[in-house]
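Participant: What shape does this take:
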Amino acid sequence: MYVKNGPLQTKKSWLNLLTVCLFKQSSMFKWQFIIFLVYTILIYRSVNCQVDFSDDDEEEEIKIYQPKPIDYVNNVNSGNKAPNVYSMSNQNQANNQLVGSEKTMEQFLDRLLHESVYDRRIRPFYTDSKDSKPVTVLMNMHINTISGISEVNMEYTVDCFFRQEWFDPRLTYSNSSWKHVEDITLHYDLVNKVWTPDAFFRNSKDAKSHKITVPNRLIRIFPEGRVLFSQRLTLRLECPMKLQKFPLDNQTCTINIGSFGYTLKDIIFEWSKTTANTIPVTISNKLEMPDFILTAHKSSVCQRKTSTGSYACLEVRIELQRDLSSYVNEVYIPSSFVVSLSFISFFIDHRSAAARAPLGATSVLTITTMLGGIRSQLPKVSYIKAIDVWMSFCLVFVFAALLEYAVVNVIARKQELKRLVRQNERNKRKSQIPKLANYSPTNEKVLMIGNRLAHMNSYNKCDLDHNNSHEALESLLQPNLSNSIKKNPQSNHSLHVDSVVSISGVSQQSSPPVASPPLPSSPPRDDAQMVDFVSSFLFPITFIVFNIVYWMVYLNMQVNFE
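Facilitator: Prediction:
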C-alpha cells in the first residue's frame, strides 16, 4: 500500500500496513515505525490536516446571528410626536432589524442593548450635522429627610430619591413582538449599558449612593423609547447662612443640579410637570428637624455660564425657620434669671459683704460661661449676632450690679469716716463743760438757755436794750418751764424768779460764754443706702426697656439672602 501526497484512502489500507509493520518485521523496525507514525500525526496537526475516517463528509452548517448596524439618522422621520418632548419616528426598517420574533426576554434585551446596535457613549438625537437637537431631561425629587444642619460648617444633609426621565429612540420597541409590555424594568447592572445624563450637584460637599441590600437604583424602559432612571442618594450640601438675627433667624438652603460636561447645545434640564399643579419637588410629611421648621420650598430653572460654555441647571430653595423654643429655655430665660439675681443684692445691707460680693461675682461668672458655650457652637463671623447683643448686655448688667456694690462700699466708708470725725469733735466739746455742784435737769436747761442767750447777746449787744432782753428771756423760758410748772405749781414762782435773776446776772456781768454741746439734731442721711435704693429701681427698669427694644428690633429685622 502506498501513501501518496495526502491522507490514506481507505481504512483497509491502514490495517494492512499496520499488520505488516507490527507482526512481520523485527522489533527494531517496529519501534522505528511507531515513532515515524507519531511524528507524522504531529506534523499533520500542525498544518491543520485532518484525517477523516468517515465516509460521509457533510459538515453541519452553524449559523451565528450577527445584527447589522442601523443608521438611526436616516431612519428618523418627523411623523409621530412623543408627548411634550420630541418628534418620535416610526423606525420601520430599524425596528424590524433590531427586534425580531424573540421568544424570551433575555434574547430581546440582548439584541436591544447589543453593542453593535446601541452605543451608550453617544447621547440620543446626536448627529454629525448642525441640525442636531439637544436631549431634554425631565427631573423630579422626593426628599425623605433633612438633617445635620450645622452653623459652624455651613452645611446640611439631605436623603432623597432623585429621578431623571428622557427619550432615547434607540430603545424603542413599540413595533416589536414585545410591544404589549407596558414597561421593562432592567437589572441595576444594566445601567452601565444605557446612556444616562451627566447630572451632578453643584453645591455638594459629599454624596453617596445607597448599596444595601442591593444598589438602590432603578432603570425602566417604555415602548415609545422613554427611559426612567431613579436612585437614592444622601447628599451633604453647602448652605451659606446669614446669622445676624441668630437665633431669631430664617435660613434658605439650596440644592443646585447641573450638567457637568454637556452644554445647552447637547442637553436641557427641566422640572417634570405632567400638569400645571404638579409639584416636581416633594418633601415627606413626616419630616422633623430638631432646630428648624420647614416653611416652604420652591423649584426653579437656571443657567450657568462658565469659561467652558453655558450649562443647564435646576435649583431647589428650601426655606427654614429656626425653632426659638429651645433657645428661650436654654439661653434667654436662664440669663434673665441670673441678671435678676444680681439685682437682689441691692436689697441686702451694704455692710453684709459676705453676702453681696459672692452673689455679684457668681452672676458675672455664670453669664461669662454661658456666653463662651454659645460662641463655641457658632462660626466666627465678622458681624454681630443677636445672641451676642443679648449676652453682652446681660454681662453688662451683672457687672454693673457688682460695680454698684463697690461704689456703695466706698461711699459708706467715707460716710463712716466723717461720722467718726464728728464724734471726736463732740467728745472734745463735752470734756470742756464745767460740772455743777448741785446738778438737776432744770438747772441744766436753764444753763443751756442762758448760754444761748449769752451767745446771742454777744452778737446783738448794741442793738438790744434791757427791756428787750428781758422779753426775749421770758420767751425762751416759757416753753422750757411749762412742764415744770404743771408738775410742781408751788415752786413755780421761785424757780421762775431764780432763773431770771441768775440769767440776768450772767447777762449783766457779760461774762464770756462757756462752750456747750450742740443742740440735738436729726440723724445724718445715709448716702450708701440711698444709692442702693435708687439702683433697686433703676436697674430693673433699664433691663425691661432693653428687652422691649431688643425683641422689637430683631423680630422685625429683614436679612437679604441674595
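
Participant: report the longest helix in the protein, please.
Facilitator: helix 386-431 (DSSP state H).

Participant: I'd like to know which elements it is packed against.
Facilitator: Packing partners of helix 386-431 (3 or more C-beta pairs under 8 Å, 6 or more residues apart in numbering; DSSP states H and E): helix 333-343, helix 353-376, helix 527-556. In this view, the C-beta of every residue, glycine as well, is placed from N, C-alpha and C.

Participant: between those, which gets nearest to residue 179?
Facilitator: Closest approach to residue 179 among the helices and strands packed on helix 386-431 is made by helix 527-556 (63.3 Å; C-beta to C-beta).

Participant: buried residues in the closest one?
Facilitator: Residues of helix 527-556 classed as buried: 528, 531, 532, 535, 539, 543, 546, 550, 554 (neighbour count, 16 or more other C-beta atoms under 10 Å).

Participant: Next, the contact list for the fourth one, please.
Facilitator: What it means is residue 535. By C-beta atoms under 8 Å, 6 or more residues apart in numbering, the contact list for residue 535 reads 346, 401, 404.

Participant: Settle this for me: the first one is touching residue 539, isn't it.
Facilitator: Yes: if you go by C-beta atoms under 8 Å, residue 346 and residue 539 touch, sitting 7.1 Å apart.

Participant: hmm, back to that, could you export the contacts of residue 535 as a markdown table, including neighbour count and pLDDT?
Facilitator: Formatted as a markdown table, the contacts of residue 535 follow (neighbours: other C-beta atoms under 10 Å; pLDDT from 0 to 100):
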| residue | neighbour count | pLDDT |
| --- | --- | --- |
| 346 | 22 | 92 |
| 401 | 23 | 94 |
| 404 | 24 | 93 |
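
Participant: could you redo those as TSV and give each row distance to residue 160?
Facilitator: Formatted as TSV, the contacts of residue 535 follow (distance: C-beta to C-beta, whole Å):
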residue	distance to residue 160
346	58
401	53
404	57
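
Participant: Select, out of the helices and strands packed on helix 386-431, the one closest to residue 298.
Facilitator: helix 527-556 (23.9 Å).

Participant: re earlier: list just the nearest of the contacts of residue 535 to residue 114.
Facilitator: When these are compared against residue 114 (criterion: C-beta to C-beta), the nearest one is residue 401, at 85.5 Å.

Participant: That closest one: what's its closest spatial neighbour, skipping adjacent residues?
Facilitator: Spatially, and ignoring its direct neighbours in sequence, residue 401 is nearest to residue 342 (4.0 Å; C-beta to C-beta, 6 or more residues apart in numbering).

Participant: ok, that neighbour - contacts?
Facilitator: Applying C-beta under 8 Å, 6+ apart, the residues near residue 342 are 359, 360, 363, 397, 398, 401, 402.

Participant: Looking at the buried residues of helix 527-556, point me to the pair that's furthest apart.
Facilitator: 528 and 554 (38.3 Å).

Participant: Let me know whether residue 370 touches residue 334 as I believe.
Facilitator: Yes: with contact defined as C-beta under 8 Å, residue 370 counts as touching residue 334 (7.0 Å).

Participant: More neighbours: which of these two?
Facilitator: Each of residue 370 and residue 334 has its neighbours counted (other C-beta atoms under 10 Å); residue 370 has more, 18 against 15.

Participant: ok, now how distant is the more buried one from residue 292?
Facilitator: The gap separating residue 370 from residue 292 is 22 Å, by C-beta to C-beta, to the nearest Å.

Participant: again with residue 348
Facilitator: Taking C-beta to C-beta, one finds residue 348 at 44 Å from residue 292.

Participant: Excluding chain neighbours, what is closest to residue 223?
Facilitator: residue 174 (4.2 Å).

Participant: what's the burial count for that neighbour?
Facilitator: 15.

Participant: repeat for residue 428
Facilitator: Residue 428 has 10 neighbours, counted by other C-beta under 10 Å.

Participant: ok, it to residue 550 distance?
Facilitator: Per C-beta to C-beta, residue 428 is found 59 Å from residue 550.

Participant: quick one on the thing from earlier: overlap in contacts, residue 346 and residue 539.
Facilitator: In contact with both residue 346 and residue 539: 401, 404, using C-beta under 8 Å, 6+ apart.

Participant: Test my guess that residue 145 contacts residue 284.
Facilitator: Yes: using C-beta under 8 Å, residue 145 makes contact with residue 284 at a distance of 7.2 Å.

Participant: more neighbours, these two?
Facilitator: Higher neighbour count among residue 145 and residue 284: residue 145, with 16 against 13, using other C-beta under 10 Å.

Participant: which stretches of the stretch 301-450 of the chain aren't confidently modelled?
Facilitator: 433-450 (pLDDT under 70).

Participant: Could you rerun that using 80?
Facilitator: Applying pLDDT under 80 to the stretch 301-450 of the chain picks out residues 430, 432-450.

Participant: Now for residue 399: which residues touch it?
Facilitator: Taking C-beta under 8 Å, 6+ apart, we find residue 399 in contact with residue 364.

Participant: Check residue 543 too.
Facilitator: Contacts of residue 543 (C-beta under 8 Å, 6+ apart): 339, 340, 343, 397.

Participant: Next, count neighbours for the second one.
Facilitator: What it means is residue 340. By the measure other C-beta under 10 Å, the count of residues near residue 340 is 15.

Participant: where's it relative to residue 334, distance?
Facilitator: The gap separating residue 340 from residue 334 is 11 Å, by C-beta to C-beta.

Participant: and if you look at the third one?
Facilitator: In this structure, residue 343 and residue 334 are separated by 15 Å, where distance is defined by C-beta to C-beta.

Participant: Is there a neighbour count for residue 281? I'd like the number.
Facilitator: Residue 281: 20 surrounding residues under other C-beta under 10 Å.

Participant: Kindly reformat the helices and strands packed on helix 386-431 as TSV containing distance to residue 186.
Facilitator: Shown next, in TSV, are the helices and strands packed on helix 386-431 (distance: least, C-beta to C-beta, whole Å):
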stretch	distance to residue 186
helix 333-343	59
helix 353-376	51
helix 527-556	55
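
Participant: which one of the ones you listed lies closest to residue 272?
Facilitator: Nearest to residue 272 among the helices and strands packed on helix 386-431 is helix 527-556 (39.1 Å), distances taken as C-beta to C-beta.

Participant: how about the strands in this protein?
Facilitator: The residue ranges that make up the strands of the chain, judged by DSSP state E, are 80-81, 87-88, 135-150, 155-167, 184-186, 199-201, 204-209, 217-221, 226-238, 250-259, 267-271, 281-283, 292-306, 309-322.

Participant: Same list (those) but as a markdown table, adding distance to residue 33.
Facilitator: Output for the strands of the chain, formatted as a markdown table (distance: least, C-beta to C-beta, whole Å):
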| stretch | distance to residue 33 |
| --- | --- |
| strand 80-81 | 78 |
| strand 87-88 | 76 |
| strand 135-150 | 75 |
| strand 155-167 | 75 |
| strand 184-186 | 64 |
| strand 199-201 | 77 |
| strand 204-209 | 71 |
| strand 217-221 | 68 |
| strand 226-238 | 71 |
| strand 250-259 | 78 |
| strand 267-271 | 77 |
| strand 281-283 | 89 |
| strand 292-306 | 84 |
| strand 309-322 | 81 |
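
Participant: Identify the farthest-apart pair in the contacts of residue 342.
Facilitator: 359 and 397 (13.6 Å).

Participant: Can you list the low-confidence ranges for the chain?
Facilitator: In the chain, residues with pLDDT under 80: 1-103, 129-131, 274-278, 430, 432-526, 560-562.

Participant: go with 50
Facilitator: Within the chain, the stretches with pLDDT under 50 are 1-11, 48-100, 436-439, 446, 454-455, 457-473, 475-477, 479-515, 519-520.

Participant: Of the contacts of residue 543, select the buried ones using a ChimeraX command.
Facilitator: With 16+ other C-beta under 10 Å as the criterion, this ChimeraX line picks the buried residues out of these:
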select :339,343,397
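
Participant: if we take the contacts of residue 543, which one ends up nearest to residue 166?
Facilitator: residue 339 (62.6 Å).

Participant: Could I get the contacting residues of the closest one?
Facilitator: With contacts defined as C-beta under 8 Å, 6+ apart, residue 339 is in contact with 363, 367, 394, 397, 398, 543.
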